[in-house]
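# generate coordinates for the sequence data below:
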Amino acid sequence: MKAEVAPRLRELAGLNGVQPSFLDAGNQQQSAAPEVLAGVLKALGLPAGNNEEVRDSLRLSRLRPYSQGIEPVIVAWEQGEVRVAFYPPARLANQRAHVRLRFEDGRVRELNPNVRAMGGIEVGGERFVAREFAIERLPFGYHTLEISAGDVTHRSLILSAPMRSFAGPEAGKTWGAFLPMYAAHSQESWGAGNFSDWERLTNWIGSQGGSVAATLPLLAAFLDNPVCEPSPYSPASRLFWNEFYLDIERVPEFLQCREAQALVRSKSFQAQLRAFRRSDIIDYRAQWAARRSVLELLAKYFFSKMSPRRAEFNRFLRAHPQVKEYSAFRAVCDKAKTSWHYWPERLRAGHLRNADYDEATQRFHSYVQWLAHGQVDELVRRGEQKGVKLYLDLPLGVNPDGYDVWRERESFALAASAGAPPDLFFSKGQDWGFAPLHPRRIRESGYHYVLAFLRFQMRHARLLRIDHVMGLHRLYWVPRGFEARQGTYVNYPAEELHAIFNLESHRNRTRLVGENLGTVPAVVNQGMERHGLSKMFVVQFEERLDPKMALVSPPALSVASLNTHDTPTFAAHWRGDDLLELVRLGLLPRRNLKTAKKDRERLKTALMRFLKTQGFLKGSKPSVQEVMRALLVWLKSSRSEIVLINLEDLWLETRPQNVPGTSSERPNWRRKARWSLERIFQEKKPIIPF
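Take a look at the predicted model:
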């Protein structure tokens, strides 16, 4: 790209929220190459490959705020005054503006605001007049503002939202337990955890005095066609459940369908179940094939005759009309066995016909979604009866082959992928492989997709962890065809997103927790504080060498834990297993291993001295378990609202659930807990230290 284009390219980037430079993890300024900026701008729909394209895109970008007449979204905080600026074309300067407010509940109010003239503006050869007025005391909700002048009408979504997210009643200090649902296996489950296992675990947490049951995302997954992707952070959709977790023997049709019962009792099926139960690693494709063979018989039985449950099913479809389209999409996947990106053009465009898929397969997918909805509803209902809240995780992205990207492609920037710039551990950067949300288009659509996946999660979760909360403010984009290190940050309308998250959290009575670990700009933490999101405090990220300040106290508004699903377990961290893993992955030079081990020993010494000084640890040579318990009790004594305990730490597990930066090299998202639920429940010694 010619050098003379670069200044205009940087201006174009700035006008569209693309950061020409950013501070890296080492607080060093990094500038994006012109080719990278051009690639990101292209992903935003702004050609910028040569001087002429940059000039045209600059004109369009300068003109857009005025040509659209009014911002597509306006935020009104705390039912206070909101000022509205609009820009009718100069030819309508003398026309009286008619202002109408359509409230969320359907009411319509004609407004007669005091419109103030603010002069004229000429942009890109076109002239606009500037007007401004104020609206006061809007009820909380999603309202539509319409401004008409002559033959032109402009509309804007007004988000009238509370400044802070839902906090709930003061409940005092509490604790909860974390375990991936797939890992929480029992003698009855078919080789991996299910909704019934989780219900039993939730009851046990309540019996031990806990009030939070935390797990990884439970969203729809591809486990056969077109791919097998077990990662809960690459779901096929953020709008549907993962039917892999169904307790099939609990389904009413299973109690009636002799063919399904006979299949499950057969020698071959029972041999499969024994193999699944023996293995400590989950083979998702094989396990799902076995489960699906039974579920297909149940679906066939269910649709073969009318019953009262058919009426319930039909009511479910009427209440959730998108299920039918999702089921058709999955049925086409099953028939084509390829990603939708390779389907014929009509199917890629979203126009499905009955002949494009097998009708029985489409009914099957609708049926299992109905079953999953029912079992999740029951799980939540019974947990809350025991005083235990479900803590779910909202993944940052979705599988590019999935339903959401196919159905809502205008909401995504398909020519880029999200990731992270190079840092201490990932010197080449990270490319996470999923398309980021398009910041301008989600605004122009009224955030309908964002609202859909938020409402789906919050209907069930009383606590919701927002994966990579920095994504509300900015996200690292890697344009297609570039390496992960060749990206830059794109800004998002943070206040608008916070307004939506806050509104939905109040309506669903859901606490929000932001995953703000690692390198996070100050503006993100400031936004979390301003809007009342709980932070995460993770001991592994907070250890210091000073024995007097080996740990700082967690913030009052926080969820505190020893580790996360993306870090080593406590025992592995204490033993230094993670350092050896970094060497094996090539992320830590072997020549630096000895120094890294010494540094780790210094951290451990400082931490033990700190805990002894604080009165939480005794003895000259405490065991790993004694240190871990002392840390948990210290967390309990801190200001944090919730202490989250990874159950695997309590039996000193050393194997991680996930090793970031790996895929086929490690059995990520597939390892069952070493202890079964029966072992946990029967343990005579109290395994919860408080």
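
# hmm, residue 557 is touching residue 641, no?
Yes - contact criterion C-beta atoms under 8 Å: residue 557 and residue 641 qualify, at 6.7 Å. Where you see a C-beta, it was placed from the backbone N, CA and C, and this is true even at glycine.

# what sits in contact with each of these two?
Taking C-beta atoms under 8 Å, 6 or more residues apart in numbering as the criterion, residue 557 and residue 641 both touch residue 534.

# please say which of the two ends up with more neighbours.
Each of residue 557 and residue 641 has its neighbours counted (other C-beta atoms under 10 Å); residue 641 has more, 23 against 18.

# which residues are in contact with the more buried one?
173-174, 534, 556-559.

# any idea how far it lies from residue 508?
Taking C-beta to C-beta, to the nearest Å as the measure, residue 641 falls 19 Å from residue 508.

# quick one, domains of this structure?
As given by automatic domain parsing, the domain ranges for the chain are 3-65, 79-161, 174-682.

# tell me the pLDDT at the closest residue to residue 239 other than its chain neighbours?
Excluding its sequence neighbours, the residue lying closest to residue 239 (C-beta to C-beta, 6 or more residues apart in numbering) is residue 456, at 5.3 Å. At residue 456, the model reports a pLDDT of 98.

# count the neighbours of residue 456 for me.
Counted with other C-beta under 10 Å, residue 456 comes out at 19.

# got phi/psi on it?
For residue 456, the backbone dihedrals (degrees, to the nearest 10) come out as phi -60, psi -50.

# ok, now residue 224?
When read as degrees, to the nearest 10, the backbone of residue 224 gives phi -140, psi -70.

# same check on residue 228?
Dihedral angles (degrees, to the nearest 10) for residue 228: phi -110, psi 110.

# pretty sure it is touching residue 286, no?
No - Residue 228 lies out of contact with residue 286 (C-beta under 8 Å); the separation is 9.7 Å.

# where does the protein have low pLDDT?
1-5, 170-171, 684 (pLDDT under 70).

# excluding its backbone neighbours, what's nearest the spatially most central residue of it?
Nearest residue to the geometric centre of the chain (C-alpha atoms, centre = their mean): residue 395, 2.1 Å. With C-beta to C-beta, 6+ apart as the criterion, residue 395 has its nearest non-adjacent residue at 4.5 Å, and that residue is residue 233.

# and that neighbour, how many neighbours?
23.

# identify the residues contacting it.
217, 395-397, 467.

# pretty sure residue 465 sits in a strand.
Yes - with DSSP: H, G, I helix; E, B strand; the rest coil as the criterion, residue 465 is located in a strand.

# which ones are touching it?
Residues near residue 465 by C-beta under 8 Å, 6+ apart: 214, 391-394, 513-515, 536, 559.

# what's the closest of those to residue 491?
Checking those against residue 491 with C-beta to C-beta, the nearest one is residue 514 at 17.4 Å.

# apart from its chain neighbours, what residue comes closest to the closest one?
Nearest residue to residue 514, sequence neighbours excluded (C-beta to C-beta, 6+ apart): residue 469, at 3.3 Å.

# kindly report the same for residue 659.
Closest to residue 659 by C-beta to C-beta, 6+ apart is residue 666, at 4.6 Å.

# the one you found: neighbouring residues, count only.
Neighbours around residue 666, by other C-beta under 10 Å: 19.

# same thing with the one 10 residues further on?
For residue 676, the count of nearby residues is 17 (other C-beta under 10 Å).

# shouldn't it be in contact with residue 185?
Yes - contact criterion C-beta under 8 Å: residue 676 and residue 185 qualify, at 5.9 Å.

# flag every buried residue along stretch 41-54.
Neighbour counts using 16 or more other C-beta atoms under 10 Å place 41-44, 46, 48, 53-54 of stretch 41-54 among the buried residues.

# widest-spaced pair of the residues you listed?
Maximum pairwise distance among those (C-beta to C-beta): 15.3 Å, between 43 and 54.

# count of residues packed around the residue nearest to residue 514?
25.

# ok, the one 10 residues further on next?
Burial of residue 479 is recorded as 23 neighbouring residues (other C-beta under 10 Å).

# next up, phi/psi of it, please.
Here is the backbone geometry of residue 479 (degrees, to the nearest 10): phi -70, psi 150.

# ok, now which ones touch it?
Residue 479 sits next to 36, 39-40, 42-43, 415-416, 486-487 when contact means C-beta under 8 Å, 6+ apart.

# cool, and residue 583?
589-590, 593.

# redo that, cut-off 6 Å
Neighbour list for residue 583: 590, 593 [criterion: C-beta atoms under 6 Å, 6 or more residues apart in numbering].

# kindly report the same for residue 111.
Counting by C-beta under 6 Å, 6+ apart, residue 111 makes contact with 99, 101.

# what's the burial count for residue 207?
11.

# neighbours around the closest residue to it other than its chain neighbours, how many?
Nearest residue to residue 207, sequence neighbours excluded (C-beta to C-beta, 6+ apart): residue 386, at 7.8 Å. Using other C-beta under 10 Å, residue 386 is surrounded by 17 other residues.

# in what element of secondary structure is the residue of the chain positioned farthest from its centre found?
Within the chain, residue 94 marks the point farthest from the mean C-alpha position, 48.5 Å out by C-alpha atoms, centre = their mean. Here residue 94 is covered by no helix or strand, with elements defined by DSSP states H and E.

# now swap in residue 566 and tell me
Counting by DSSP H and E, residue 566 is found in no helix or strand.

# got a list of what it touches?
For residue 566, the contact set (C-beta under 6 Å, 6+ apart) comprises 658, 660.

# sec struct for residue 8, please.
Taken by three-state DSSP, the conformation at residue 8 corresponds to helix.
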